[in-house]
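Q: A predicted structure for the sequence below; I have some questions about it.
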Amino acid sequence: MEGVTAGDIMVPLDNYPHIPYWFTLRQAIAEMESSPITKDGQTTMARMILVFDEKYRLLGLVRRRDILRGLEPAYMLDSPHAKREYFKLDVDENLGEMLSDQGYEKIRQNAETAISEVMQPILGSVNAEDSLLKLIKEMVMHDYHMLPVLKDGSVAGVVRTVDVLREVAKVIL
């Protein structure tokens, strides 16, 4: 663990799903499906996709739940200004079957929404030379699940909490 840096344990950008901001939700889903992350012999689906502009500058990220929220048909949403209370519905349980064709069609339509409509801002990053201790501090203090890793001012990869925990496990187990 001593001497380990973000650059040592990051998933290189080439191995992490990333898309331009004009891609659609459908294209983002396809990218997630076709870009499993394999590291240290384990394969997982990414929890997030990085979003870039035309000059490959990092604009934001999209989580799986952001994509699902973007697909949600409007009739399932409360007013945009009201606090949402998920699953607080008291309706006929057969309503879903009656509306399923309409609902799935609306999801297909919403899948053509630009990813920029649902992306979240990047709130933090680390440098490739940053220590494992700094990664732990940043992730815990700000509740980050993933941090972009910068090298020479550009995104070189990402560090996920699972990468940090695996490195910590080498020391304590």
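A: Done, it's in. In this text the structure is predicted, and so the values were computed from the model without any measurement. Numbers count the residues shown, from 1 in each chain.
Q: Any idea how many residues pack against Leu150?
A: Residues contacting Leu150 under the criterion other CB atoms under 10 Å number 19. Backbone N, C-alpha and C define where each C-beta goes, glycine included.
Q: can you start the count at 281 instead of 1 from here on
A: Renumbered: residue one is now 281, and that last one reads Leu430.
Q: and it, which of the three is it?
A: The three-state label given to Leu430 by DSSP: H, G, I helix; E, B strand; the rest coil is strand.
Q: Can you name the residues that contact it?
A: Under the criterion of CB atoms under 8 Å, 6 or more residues apart in numbering, the neighbours of Leu430 are Ser405, Val406, Asn407, Ala408, Ala436.
Q: Just give the number of residues close to the third one.
A: Asn407 sits with 15 neighbouring residues when counted by other CB under 10 Å.
Q: beta partners of the spatially closest residue to it that is not a sequence neighbour?
A: Spatial nearest neighbour of Asn407, excluding adjacent residues (CB to CB, 6 or more residues apart in numbering): Leu430 at 5.4 Å. According to DSSP bridges, the partner residues bridging Leu430 are Asn407, Val435.
Q: Which member of the contacts of Leu430 is positioned nearest Ile317?
A: Relative to Ile317, the closest of those is Ala436; by CB to CB it sits at 15.4 Å.
Q: Between the contacts of Leu430, which sits nearest Asn295?
A: Sorting the contacts of Leu430 by how near they are to Asn295, with CB to CB, puts Ala436 at the top with 11.2 Å.
Q: That closest one reaches Val406, doesn't it?
A: No: between Ala436 and Val406 there is no contact, the gap being 10.5 Å when judged by CB atoms under 8 Å.
Q: between those two, what contacts are shared?
A: Counting by CB under 8 Å, 6+ apart, the common neighbours of Ala436 and Val406 are Val429, Leu430.
Q: For this structure, which segments count as helices?
A: Listed from the start of the chain, the chain has helices (DSSP state H) covering 286-289, 305-314, 344-351, 375-390, 412-422, 441-452.
Q: out of those helices, nearest to Val398?
A: Shortest separation from Val398 across the helices of the chain is recorded for helix 344-351, at 4.0 Å, computed as CB to CB.
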